[in-house]
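K.L.:
coordinates for the following, if possible.
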Amino acid sequence: MSKKVTPYKDSDLGKKEQVTQMFDTISTNYDGLNRVISFGIDIKWRKRVVAILKKKNPTSILDIATGTGDLAINLIETGASKIVGLDISPGMLAVGKKKVTQKQLDKTIEMIVGDSENLPFDENTFDAVTVAFGVRNFENLELGLSEIYRVLKKGGTLAILETSVPTKTPFKQGYKFYTKQIMPKIGKLFSKDNSAYEYLSESAAVFPYGKKFNNILQKIGFIDIEDKPQTLGVASIYVATK
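P.N.:
Predicted coordinates for the structure are as follows:
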């Protein structure tokens with residue numbers, strides 16, 4: 001199980017409440033900062049998730065930790081008739097809703113406030129569930145994954161895009177230096193909340209990526225599990241079936 005990391009070390013709030021507060025605080029700068037920190041490569045990663053799901057022909061998709069809705073909007077390309085973007089941060093969702101409205105996608109994409117560990121849906125509701133850079137923010141990782149399993153239809157697809165750590169030299173050392181030394185400094189330029197970007201770096205470093213995460217998915221009950229490292233291993237796409 002991953003080590004518990006929280007955004008605000010001196011806070012009495014639980015991780016869930018801290019994460020909500022953090023993303024509300026950085027919501028207006030989040031999209032721009034994402035592009036800078038990832039050098040724009042996160043756009044390509046999301047497109048790969050969409051390409052994987054497009055082959056499955058889903059009718060309904062739940063995008064958990066949808067944030068400002070980037071992936072939910074991209075998922076329109078799968079041909080799904082209903083996409084629900086769920087996030088615990090009202091601030092992030094407010095930005096996402098504006099983007100959805102501007103693109104005139106309100107009839108297809110619904111953005112709602114919700115908790116990944118207590119999803120407001122019946123069992124066997126969605127053909128696919130996606131999470132982009134969100135599972136490491138779950139307070140209880142196994143509970144969140146179990147909820148995903150519950151709301152997925154049998155034969156449905158889970159696709160997760162998450163940070164990972166390169167295993168080969170010199171990329172491993174370069175990644176560590178960038179995430180610990182450079183990324184928080186970039187975050188400070190964009191946002192008053194420097195703790196947020198230190199947290200994002202720390203949470204990525206302790207997340208159980210690769211085979212460890214595959215094992216957790218298998219424990220929950222998923223089958224046909226694959227992990228696909230992206231860009232020298234700085235991110236991974238996990239695909240699994242209920």
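K.L.:
check which helices and strands the helix or strand of the chain with the lowest mean pLDDT is in contact with.
P.N.:
Least confident helix or strand, the chain: helix 183-190 with a mean of 73, by mean pLDDT, DSSP states H and E. In this structure, helix 183-190 packs against helix 30-37, helix 194-206, with contacts taken as 3 or more CB pairs under 8 Å, 6 or more residues apart in numbering; DSSP states H and E. (Each C-beta comes from the backbone N, C-alpha and C, glycine too.)
K.L.:
any idea how far it is from the chain center?
P.N.:
Mean-position distance between helix 183-190 and its chain equals 20 Å (CA atoms, centre = their mean, to the nearest Å).
K.L.:
can I get the CA coordinates of that helix in CSV?
P.N.:
Extracted in CSV, the C-alpha atoms of helix 183-190 (Å, rounded to 0.1, in the frame of the first residue of the first chain):
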residue,chain,number,x,y,z
MET,A,183,8.5,21.4,-10.3
PRO,A,184,7.7,23.0,-7.0
LYS,A,185,9.5,26.2,-8.1
ILE,A,186,7.5,26.3,-11.3
GLY,A,187,4.3,25.8,-9.2
LYS,A,188,5.3,28.7,-7.0
LEU,A,189,5.5,31.0,-10.0
PHE,A,190,2.0,30.1,-11.0
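K.L.:
show me the shaky parts of the protein.
P.N.:
Where the chain drops to pLDDT under 70, the residues are 1-3, 7-8, 10, 190-194, 197.
K.L.:
can you pull out the helices in it?
P.N.:
Ranges of helices in the chain, per DSSP state H, are 15-26, 30-37, 41-54, 70-74, 90-102, 141-151, 171-177, 183-190, 194-206, 211-220.
K.L.:
ok, back up a step: the least confident helix or strand of the chain to helix 15-26, inter-axis angle?
P.N.:
Interaxial angle, helix 183-190 versus helix 15-26 (axes from the mean of the first three to the mean of the last three CA atoms, to 10 degrees): 50 degrees.
K.L.:
about what we covered before: tell me which of the helices of the chain sits nearest to V135.
P.N.:
In terms of CB to CB, the element of the helices of the chain nearest to V135 is helix 141-151, at 6.6 Å.
K.L.:
need the contact list for S203.
P.N.:
Shown in contact with S203 (CB atoms under 8 Å, 6 or more residues apart in numbering): V5, R136, N137.
K.L.:
typo on my end, it should be F121
P.N.:
For F121, the contacting residues are L62, V151, by CB under 8 Å, 6+ apart.
K.L.:
E110 versus that one, what's the distance?
P.N.:
12 Å (CB to CB, to the nearest Å).
K.L.:
for this structure, what's the longest strand?
P.N.:
Counting by DSSP state E, the longest strand found in the chain is strand 152-163.
K.L.:
only alpha carbons, please: show it as CSV.
P.N.:
Extracted C-alpha coordinates of strand 152-163, given in CSV (Å, rounded to 0.1, in the frame of the first residue of the first chain):
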residue,chain,number,x,y,z
LEU,A,152,-18.5,-0.8,-14.1
LYS,A,153,-20.6,-3.1,-16.2
LYS,A,154,-19.3,-6.7,-16.5
GLY,A,155,-16.9,-6.7,-19.4
GLY,A,156,-16.4,-2.9,-18.9
THR,A,157,-13.0,-1.2,-19.2
LEU,A,158,-11.0,0.7,-16.7
ALA,A,159,-8.3,3.1,-18.0
ILE,A,160,-6.1,4.9,-15.6
LEU,A,161,-3.4,7.5,-16.5
GLU,A,162,-1.1,8.1,-13.7
THR,A,163,2.5,9.3,-12.9
